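Novice: Sequence first, then the predicted structure:
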Amino acid sequence: MTRAQAGRWLILAAAGSGARSGEPLNKAFAPLGDSCAALLCLKAFAPFVDGAVVAIGSEDVPSWEAVERRAQVLTSVITVRGGLNRQASVSRALSHVPPDARLVAVHDAARPFVSAAVIERCFAQAERTGAAIPVVPVADTMLIVGESGSEEAPPRDLLRAVQTPQVFRRDWLARAYEDASDGAATDDATLVRAAGHAVSIVDGETRNRKLTTPEDFRIARMEIMLNERETQSAANQPRVGFGLDAHRLSPDRPLVLCGVTVPHTAGLLGHSDADVAVHALIDALLGAAALGDIGRWFPDSDAAYKGISSMLLLKRVVDGLAERGYRVGNADVTIVAQRPKLAGFIPAMRDSLAGVLGVDVGDVSVKATTTERMGYEGREEGVSAHAAAVLYRKQARSGGYSFDTIGP
């Protein structure tokens, strides 16, 4: 996906009654998992547009109010009352699109499974040619039946089923609607062609189907249920990372380990407070998420990290992981030092780490060992630390979409 480019807007046609769907309310707001079709569409378009105008029916106001807070996935969402038909609804919505918009995507709210790839293809082609629509090959043989009952089968390889979003230059679309006669046009591209503009085609996707019948909704809900199960399964799969760090001892530095200052004749040398245990833990966390290492996130060439507490760095990493959908499962740290003896400080170290990691103290292990005077740790030239950490994907939770408030 790409960031929204300036001047791109969405018109979401959500004013239809959807009588054939068998749902007790407008199919754009009928429950789909913990969401609805209209909201799923807005979320799909959020990375690509600056804002959206949603055309709803007068009877849909309670339904829209139930999802309006969650619809703020976009900076700007405007609602308008729809007209007697789709053409009238889109025309009203178009009048509320900011005049500085360059491209406008018109999308049916009944197509909640539109992918980022289709949206991106349509916008990219419209940038080049001024108008683009997604199409898919027709699988079945099509017949043209006349009044006399005669039948004609056009070549199937020449036929395509048209989908949305349909993306146009704003001025083209506005002029096409100004010139259009009153009617029930169900396809914006038809109006744009009638206004004298060529419309490019891009590959659509069969998954971008329109929800029309009860069977469509049954399949859609089953698909969402299966996706939720897959998401939960992925959330339960642990991601394990390992970290290792070492620092020299220096007589003019405090000894800080796991955020706890330990009385000693020497401390660790480094750009920050040189908390070797926390540095190893940071690398373990970043490794579990495949996000590089501590040097990439906090380079020692940056003066902003001079003397900084490593616990603050750990907090930034934990927050960064949370933004990417991860939570910490547990952590295990081993500190290798000949002196001082650390057993009495380990409870405080575990508490310190648990608070920043956002886990119970029982999920944090800190151990200390020596090398029996072997190596640089045994000669008291430095201290090393090893760490392991487990991450899990956060499970998606309901955003509070209450169907009790929008039922029949």
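Specialist: Structure's in. What do you need?
Novice: For the helix or strand hosting residue 178, list every residue counted as buried.
Specialist: Using DSSP states H and E, residue 178 sits within helix 170-179. For helix 170-179, burial by neighbour count (16 or more other Cβ atoms under 10 Å) applies to 170, 172, 173, 174, 175, 176, 177. Any C-beta I mention is one placed from the backbone N, CA and C, and that applies to glycine too.
Novice: for stretch 288-306, same thing?
Specialist: For stretch 288-306, burial by neighbour count (16+ other Cβ under 10 Å) applies to 288, 289, 291, 294, 297, 298, 305.
Novice: List the contacts of the third one.
Specialist: Right, the one you point to is residue 291. 297, 320, 321, 324 (Cβ atoms under 8 Å, 6 or more residues apart in numbering).
Novice: with the buried residues of helix 170-179 in mind, which one is nearest to residue 354?
Specialist: Checking these against residue 354 by Cβ to Cβ gives residue 170 as the nearest, at 54.2 Å.
Novice: Contacts only, for residue 38.
Specialist: With contact set as Cβ under 8 Å, 6+ apart, residue 38 has these partners: 12, 14, 28, 29, 54, 64, 67, 71, 109, 112.
Novice: So residue 79: helix, strand or coil?
Specialist: Here residue 79 is recorded as strand under DSSP: H, G, I helix; E, B strand; the rest coil.
Novice: Pretty sure it sits against residue 57.
Specialist: No. Between residue 79 and residue 57 there is no contact under Cβ atoms under 8 Å: 10.9 Å.
Novice: got any ranges where the protein has weak pLDDT?
Specialist: For the chain, residues meeting the criterion pLDDT under 70 lie at 1-6, 17-19, 21-24, 71-75, 150, 183-184, 228-235, 395-408.
Novice: how about the helix holding residue 178 as PDB, C-alpha atoms only?
Specialist: These are the backbone C-alpha positions of helix 170-179, laid out as PDB (Å, rounded to 0.1, in the frame of the first residue of the first chain):
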ATOM      1  CA  ARG A 170     -12.700  15.200 -10.800                       C
ATOM      2  CA  ASP A 171     -13.400  17.600 -13.600                       C
ATOM      3  CA  TRP A 172     -14.300  14.800 -16.100                       C
ATOM      4  CA  LEU A 173     -16.700  13.200 -13.600                       C
ATOM      5  CA  ALA A 174     -18.300  16.500 -12.600                       C
ATOM      6  CA  ARG A 175     -18.900  17.400 -16.300                       C
ATOM      7  CA  ALA A 176     -20.200  13.900 -17.100                       C
ATOM      8  CA  TYR A 177     -22.800  14.300 -14.300                       C
ATOM      9  CA  GLU A 178     -23.700  17.800 -15.400                       C
ATOM     10  CA  ASP A 179     -24.400  16.600 -18.900                       C
END
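Novice: and that helix, how far out from the chain's middle?
Specialist: Relative to its chain's centre, helix 170-179 lies at 33 Å (Cα atoms, centre = their mean, to the nearest Å).
Novice: Give the helix, strand or coil label for residue 222.
Specialist: Secondary structure for residue 222, judged by three-state DSSP, is helix.
Novice: Please disregard the earlier target; I meant residue 193.
Specialist: Secondary structure for residue 193, judged by three-state DSSP, is helix.
Novice: That one: neighbour count?
Specialist: Applying other Cβ atoms under 10 Å, we find 14 residues neighbouring residue 193.
Novice: Look up how far residue 174 lies from it.
Specialist: The gap separating residue 193 from residue 174 is 15 Å, by Cβ to Cβ, to the nearest Å.
Novice: if we can go back for a sec, could the buried residues of stretch 288-306 be laid out in TSV, adding distance to residue 214 and secondary structure?
Specialist: Compiled in TSV, those are given as follows (distance: Cβ to Cβ, whole Å; DSSP: H, G, I helix; E, B strand; the rest coil):
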residue	distance to residue 214	secondary structure
288	45	helix
289	42	coil
291	45	coil
294	55	helix
297	51	helix
298	56	coil
305	60	helix
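Novice: Distance to residue 249 added to the residues you listed, as a markdown table?
Specialist: A markdown table is the format used below for those (distance: Cβ to Cβ, whole Å):
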| residue | distance to residue 249 |
| --- | --- |
| 288 | 29 |
| 289 | 31 |
| 291 | 30 |
| 294 | 20 |
| 297 | 25 |
| 298 | 22 |
| 305 | 21 |
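Novice: For residue 151, state which of those is nearest.
Specialist: Relative to residue 151, and with distances defined as Cβ to Cβ, the nearest of the buried residues of stretch 288-306 is residue 289, at 60.0 Å.
Novice: next one: phi and psi at that closest one?
Specialist: Here is the backbone geometry of residue 289 (degrees, to the nearest 10): phi -100, psi 0.
Novice: Repeat that for residue 32.
Specialist: Main-chain torsions, residue 32, degrees, to the nearest 10: phi -130, psi 100.
Novice: With respect to residue 338, which of the buried residues of stretch 288-306 is nearest?
Specialist: Nearest to residue 338 among the buried residues of stretch 288-306: residue 294, at 24.6 Å, using Cβ to Cβ.
Novice: Enumerate every residue touching that closest one.
Specialist: Contacts of residue 294 (Cβ under 8 Å, 6+ apart): 245, 279, 282, 283, 286, 313.
Novice: What about the fourth one, how many residues nearby?
Specialist: Neighbourhood size, residue 283 [other Cβ under 10 Å]: 24.
Novice: Tell me the bridge partners for the residue lying closest to it once chain neighbours are set aside.
Specialist: Excluding its sequence neighbours, the residue lying closest to residue 283 (Cβ to Cβ, 6 or more residues apart in numbering) is residue 243, at 3.2 Å. Judged by DSSP bridges, the bridge partners of residue 243 are residue 387.
Novice: Please verify my assumption that residue 243 contacts residue 386.
Specialist: Yes. Using Cβ under 8 Å, residue 243 is in contact with residue 386, at 7.2 Å.
Novice: which one of these two has more residues nearby?
Specialist: A count of neighbours by other Cβ under 10 Å puts residue 243 above the other of residue 243 and residue 386, at 25 against 20.
Novice: gap between the more buried one and residue 295?
Specialist: Distance from residue 243 to residue 295, counting by Cβ to Cβ: 12 Å.
Novice: repeat for residue 344
Specialist: 32 Å.
Novice: just to revisit the earlier point, list the contacts of the residue nearest to residue 283.
Specialist: Contact partners of residue 243, counting by Cβ under 8 Å, 6+ apart, are 279-287, 385-389.
Novice: Much appreciated, bye for now.
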